[in-house]
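In: My questions concern the predicted model and sequence given below.
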Amino acid sequence: MQFGIFTVSDITQDPTTGRTPTEHERITATLTIAKHAEEVGLDVFALGEHHNPPFWSSSPTTTLAYLAAQTTTLQLSTATTLITTNDPVKIAEDFAMLQHVADGRVDLMLGRGNTGPVYPWFGKDIRQGINLALENYNLLHRLWREDFVDWEGQFRTPLQGFQSTPRPLDDVPPFVWHGSIRSPEIAEQAAYYGDGFFANHIFWPASHTERMIALYRQRFEHYGHGTAAQAIVGLGGQVFMRKNSQDAVREFRPYFDNAPVYGHGPSLEDFTSQTPLTVGSPQEVIDKTLGFRDYVGDYQRQLFLMDHAGLPLKTVLEQLDLLGEEVVPVLRREFAKDRPAAVPDAPTHASLLVARNAAKTGGETQQGAAFGAAAVKGA
Amino acid sequence: MTTRTIAVVSAGLSQPSSTRMLADKLADATIAKLAAQDIQTTVETFELRDVATDIMNHLLTGFPSPKLEAVIDAVTGADGLIAVTPIFTTSYSGLFKSFFDVVGSDTLVDLPVVIGATAGTPRHSLALDYALRPMFTYLHAVVAPTGVFAATGDWGDSPDSVKTLPNRIDRAAGELATLVAASDRSSTVRDPFALERPFGHLIGGLAGE
């Protein structure tokens, strides 16, 4: 199972000091945070995409390419890449390029975005959001798998004999996660292609996430990619920890109360009881996170939001220390317990390469082999 | 015996409130009309004041508290809705509007609704037809032709003596009862995760479904 962090790249005033970091400070802080994620033993760093202040991450593959050069094991991903307003041709090119410089340590998570004005800025109609996501991804999927593509659709200029370059590393496209909070079409899309499904359930009650994941698993099996239990599931989470639970609550409360997304709304206590947010001791984080499995089943990737709402860099790095030293080792051990051998790990470039080669030589054609023997525990 | 469910939403703020009184009278009259057709009615009444903070939190966070979710589920799953608001500053109250802002834009489709409002003077009565009615029409609810407005005087010494408040309530309740009798909303399973079209159609026949 993979553990990591994801960031939305917000530049937010620290409510306890009244100071807002500069863009440059926040960008370099995020690079430090990503590198520290690897240092404390985390597996994944995922970066959001935005095209307006107070966010800085408009060019994720540039940022991730730098991080690829600065890290050795960290899996680089996105949270999310806008499949609606980006040209799928450019996504195909950018992420194939990133695969090459990162030696394959790349996957991506596609999303529709939640900032309405981005659509008109990029010449798109928000009412076509779902249709854009479906058509654009269908083209992206082909561009990575077919050397020459003839294509015609509703939303972009047609292509005749177009070849996207560079070709994916080893001709193995990056693994794709589809992120959605409330759209069953996206769960269906992920299932149709045998891709991963990521539920950023940090602003949503567990009962809803449970149903979305169940739908994705059921449809994954329907489309013949394996059993429902073998579908590739990722979850968001959000934590703030101190050794002493009361200290965590006291320190985090002003950040919670003023946070751009939920600030000035429900109390910290209500929000922690209704969503996966955990503010407390490392043990409380462990307990709550282990509970996710009760309603989504054995899953593959857990990402935590750690650096938003104006938290200072020093605090975020301390949070990563706690996450890496006290929380994730226990989660790895506990999540491995009673995990059926047939449940695969999250696909990586290495496992996808093995699966592709096995398929080429004629083996591994039965159901459940979509992600290769290397990805199946104990196989 | 046939059964139906009616939800009553009152945005009155005081205790007791004339808005709630009007809502209750509309509910009682509707129950009587349905009983005359051998239909037994279950009524669930909600004071929005009880979930006022939850409504604002939903606007800010994008999801309902369990308490508010129960109210939304009851309203959207009913066979009919009686929606009554005080008129504040020439329109429905902000609390009333905020509730319908968070119920979801497609959850009231085909829902029979009777609208009611209260205010200090009858001069505000047109708010029913320039504010409440268009809002429910936008949501594709089926709004009964008669809306009931009760001014302070209707409860006391200066009622409309020709078309009395009980007359107006009776007429609106009759219209709602007819629509509710024909509704199957409360016995219909609604799946918020169902696709409108098979996925194969969504992506141009690729899935072959």
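Out: Cool, the structure landed.
In: Roughly how far does the residue nearest the centre of chain A sit from chain B?
Out: Closest residue to the average C-alpha location of chain A: A:Ala79 at 4.6 Å, with CA atoms, centre = their mean. Relative to chain B, A:Ala79 is positioned 17 Å away (criterion: CB to the nearest CB, to the nearest Å). (Glycine included, C-beta is placed from N, CA and C.)
In: For that residue, give me the pLDDT.
Out: A:Ala79 is assigned a predicted lDDT (pLDDT) of 96.
In: Hmm, A:Ile5 and it touching each other?
Out: No. Look at A:Ala79 against A:Ile5 with CB atoms under 8 Å: they stay out of range, at 9.4 Å.
In: now the helices for the stretch 251-379 of chain A?
Out: Using DSSP state H, counting those that start in this stretch, the helices of the stretch 251-379 of chain A run over residues A:268-274, A:282-296, A:313-322, A:328-336, A:349-360.
In: Could you point out which of the ones you listed sits nearest chain B?
Out: helix A:268-274 (6.3 Å; CB to the nearest CB).
In: Quick check: residues of the stretch 201-350 of chain A near chain B?
Out: A:203-205, A:208, A:211-212, A:215, A:223, A:261-266, A:270-271, A:274-275 (CB under 8 Å from any CB of the partner chain).
In: Selection in ChimeraX covering whichever of the residues you listed are buried, please.
Out: Command for ChimeraX, covering only those of these found buried under the criterion 16 or more other CB atoms under 10 Å in any protein chain shown:
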select /A:203,204,205,208,211,212,215,261,262,263,265,266,271,274,275
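In: which residues are in contact with the helix or strand A:Glu38 falls within?
Out: Assigned by DSSP states H and E, A:Glu38 belongs to helix A:23-39. Contacts to helix A:23-39, defined as CB atoms under 8 Å, 6 or more residues apart in numbering or on different chains, come from residues A:4-5, A:7, A:9, A:11, A:21, A:44-45, A:47, A:56-57, A:63, A:66-67, A:70-74, A:306-307, A:313, A:316-317, A:320, A:324.
In: and the next element down the chain from that helix?
Out: strand A:44-47.
In: what about the helices in chain B?
Out: B:18-36, B:52-61, B:66-76, B:94-102, B:127, B:133-138, B:165-181, B:199-202 (DSSP state H).
In: Quick check: closest non-adjacent residue to whatever residue of chain B ends up closest to chain A.
Out: Closest residue of chain B to chain A, CB to the nearest CB: B:Leu60 (3.4 Å). Leaving aside its chain neighbours, B:Leu60 sits nearest to A:Gly265 (3.4 Å; criterion: CB to CB, 6 or more residues apart in numbering or on different chains).
In: Run a quick neighbour tally on residue 51.
Out: Answering for chain A, as no chain was given. Residues lying near A:His51 (other CB atoms under 10 Å in any protein chain shown) number 16.
In: I was thinking of chain B, sorry if that wasn't clear
Out: 23.
In: For A:Thr62, which residues are in contact?
Out: A:Thr62 touches nothing, counting by CB under 8 Å, 6+ apart.
In: what's the pLDDT at it?
Out: 98.
In: what distance separates the helix or strand hosting it from the centre of its chain?
Out: Counting by DSSP H and E, the element that carries A:Thr62 is helix A:60-70. Distance, stretch centre to chain centre, for helix A:60-70: 16 Å (CA atoms, centre = their mean, to the nearest Å).
In: Now do the buried residues in that helix.
Out: So for helix A:60-70, counting by 16+ other CB under 10 Å, buried means A:Pro60, A:Thr61, A:Thr63, A:Leu64, A:Ala65, A:Leu67, A:Ala68.
In: Also stretch B:182-192?
Out: B:Ser183, B:Arg185, B:Ser186.
In: outside of that stretch, which residues touch it?
Out: A:Pro184, B:Arg4, B:Thr5, B:Thr76, B:Gly77, B:Ala78, B:Asp79, B:Gly80, B:Asp110, B:Leu111, B:Pro112.
In: Quick check: mean pLDDT of it?
Out: Mean predicted confidence for stretch B:182-192 is 85.
In: out of the helices of the stretch 251-379 of chain A, which comes closest to A:Trp121?
Out: helix A:313-322 (30.1 Å; CB to CB).
In: Going by contacts, tell me the helices and strands next to the closest one.
Out: Counting contacts by 3 or more CB pairs under 8 Å, 6 or more residues apart in numbering or on different chains; DSSP states H and E, helix A:313-322 packs against helix A:23-39, strand A:233-241.
In: Identify, out of these, the most deeply packed stretch.
Out: strand A:233-241 (a mean of 25; mean count of other CB atoms under 10 Å in any protein chain shown).
In: May I have the secondary structure class of A:Leu76?
Out: Per DSSP: H, G, I helix; E, B strand; the rest coil, the secondary structure class of A:Leu76 is strand.
In: Please name the bridge partners of the residue lying closest to B:Tyr92 once chain neighbours are set aside.
Out: Using CB to CB, 6+ apart and skipping residues adjacent in sequence, the residue nearest B:Tyr92 is B:Thr85, 4.4 Å away. Under DSSP bridges, the beta-bridge partners of B:Thr85 are B:Ala117.
In: How many residues are close by B:Thr85?
Out: Other residues near B:Thr85 number 31, with proximity taken as other CB under 10 Å.
In: ditto for the one 5 residues further on
Out: B:Thr90 sits with 12 neighbouring residues when counted by other CB under 10 Å.
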